[in-house]
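K.L.:
Provided below for reference: sequence and predicted model.
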Amino acid sequence: MNCRARRIICRRLNLELPMKHVLKFKPRLVKLLLTVLTPALLFPQAPRADEPSHRVVVRVGQVLDVRSGTYLKAAAIIIDGERITAVGPAVELMKALPVGVKVFDLGDATALPGLIDCHTHIMARVPDQEYGYGINLLTKSQAFRALEGAANARATLQAGFTAVRDVENEGSGYADVALRDAIDQGLVDGPRMRVATRGIAAVGQYFPFGISPDLAGFPTGAQMISGVEEARRAVREQIGHGADLIKVYADWQTPTLTIAEMQVIVEEAHKAKRKVAAHATTSEGIRNAVTAGVDSIEHGHRADRAALEQMKAIGVYLVPTLSVIDAMVAKAPNDWSSERSKSYLESIRQSVAMARALGVRIADGSDPSAADRHGKNGEELEAMTRRGLSALEAIQAATLSAADLIGWPNDIGAVEKGRFADVIAVQGDPLADISVLQHVKFVMKGGRVMKNDLAPQ
Ligand SMILES: [Zn+2]
């Protein structure tokens, strides 16, 4: 059993602590568990036995320090197992290396930390057609949804996104938990995942809309609740089935879940050390969610100053999800030509610019839910710069800030000693041209090269 599998078992045990009952009555199981767990507890950072070489080097033209926005030129990144052990001038670091260490020479490319998308729907490939959402639920098995998720996860990783916060799976049961675990076990390629599972919405106020009331058992895109006890139960169920975070819908054009319902959701989630992400596009919905204690506002497209000031005061993140809107406008500009649409687009621009000016924490999230959006996560960074963020601020939103929001502030989000060796490389200077992050040439995750379109090895 490899180290990753052991960690998964550890994680499960943490979730289900009343193991003492099992231990008391099942001596053979106790023996088995001790055999499996003891090495993992003693050597939690032990490299995987199937790694061809535990130590590798990435040699690159420059490494971006995402804190300062400066470049370390002619650099080397030393990796031992899954983690970075040194970053510095290649001329110095290479001297100290033993003969025979594998070197990935990336020429004059620019290396950055693996990017992080804090708003994905990895399990969703909703058809772009009328009633597409309902058709998606009606025509695909959960098994097929899981395989779609695997394809989406691979595309996301290949695009340079080595971690995602998946904010609900759009009616795919707990397939996102299965995908997360399959990726952790190395069965399929994909980013590190934090998953929200089903999402929680007020009865009748989330997709699919337009279903006949006679079809009472028609599947839904989220877990529909009404009242505080149903809210509490939904959180407990989702965490019990593997949710890393909870997603709520605070509004849908108008406020939906009540403050009291969301307070109970936050209480249960935080008690279990899970964060809560709230979909909210209206100022009232944002204020309700922030008052209830959520950790992030997703979209926030019509946020007014008061709502943003409240977010700033408490330290709530904004995940503005802009590129999905830009893609819709580009696809059908005539649909967005009305005064109402123009006003909506302008309110999005203003809300992001105001959030930045007020110092609201911003994290990157691209909101892909259609087949053609997975793998285009990098467009979000450019979309943020179009609303006033500098290139460095957009990169920080997809690295340092995203690492903090996702809950791995010391493990990912920077190319630094001690962090996971999640490293990408691009041709060109991302601070001068943010769009180069839409063409990632090299992807390493946890010390394993997942893509290399640079110099031949
Ligand atoms: Zn979304």
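P.N.:
Cool, the structure landed. Numbers count the residues shown, from 1 in each chain.

K.L.:
pLDDT weak spots in the stretch 351-457 of the chain?
P.N.:
455-457 (pLDDT under 70).

K.L.:
can you map out the strands along the stretch 251-400 of the chain?
P.N.:
251-252, 254-255, 275-280, 296-299, 317-319 (DSSP state E, counting those that start in this stretch).

K.L.:
could you dump those into a markdown table and include mean neighbour count?
P.N.:
Heads up, the C-betas are built off the backbone N, CA and C, glycines and all. As requested, the strands of the stretch 251-400 of the chain are arranged in a markdown table below (neighbours: other CB atoms under 10 Å):
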| stretch | mean neighbour count |
| --- | --- |
| strand 251-252 | 22 |
| strand 254-255 | 14 |
| strand 275-280 | 27 |
| strand 296-299 | 28 |
| strand 317-319 | 27 |
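
K.L.:
can you redo those as CSV with mean pLDDT?
P.N.:
As requested, the strands of the stretch 251-400 of the chain are exported to CSV (pLDDT from 0 to 100):
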stretch, mean pLDDT
strand 251-252, 98
strand 254-255, 98
strand 275-280, 98
strand 296-299, 98
strand 317-319, 98
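
K.L.:
would you list those strands in CSV and tack on distance to Gly407?
P.N.:
Shown next, in CSV, are the strands of the stretch 251-400 of the chain (distance: least, CB to CB, whole Å):
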stretch, distance to Gly407
strand 251-252, 25
strand 254-255, 27
strand 275-280, 7
strand 296-299, 11
strand 317-319, 12
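
K.L.:
how about low-confidence regions in the protein?
P.N.:
For the chain, the ranges with pLDDT under 70 are 1-53, 455-457.

K.L.:
burial of Arg419, as a residue count?
P.N.:
21 (other CB atoms under 10 Å).

K.L.:
hang on, Tyr71 packs against Asp65?
P.N.:
Yes. Between Tyr71 and Asp65 a contact is recorded at 7.2 Å, counting by CB atoms under 8 Å.

K.L.:
so where do the helices sit in the stretch 151-300 of the chain?
P.N.:
Taking DSSP state H, counting those that start in this stretch, the helices of the stretch 151-300 of the chain run over residues 175-184, 228-240, 259-271, 283-292.

K.L.:
in CSV: those helices, plus distance to His374 and mean neighbour count.
P.N.:
Output for the helices of the stretch 151-300 of the chain, formatted as CSV (distance: least, CB to CB, whole Å; neighbours: other CB atoms under 10 Å):
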stretch, distance to His374, mean neighbour count
helix 175-184, 13, 22
helix 228-240, 23, 18
helix 259-271, 27, 20
helix 283-292, 27, 23
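
K.L.:
help me confirm that Asp335 comes into contact with Ser341.
P.N.:
Yes. With contact defined as CB under 8 Å, Asp335 reaches Ser341; the gap is 7.4 Å.

K.L.:
okay, the two: which has more neighbours?
P.N.:
Remark: of Asp335 and Ser341, Ser341 carries more neighbours, 13 against 10, as counted by other CB under 10 Å.

K.L.:
so what's that one up against?
P.N.:
Ser341 makes contact with Asp335 under the criterion CB atoms under 8 Å, 6 or more residues apart in numbering.
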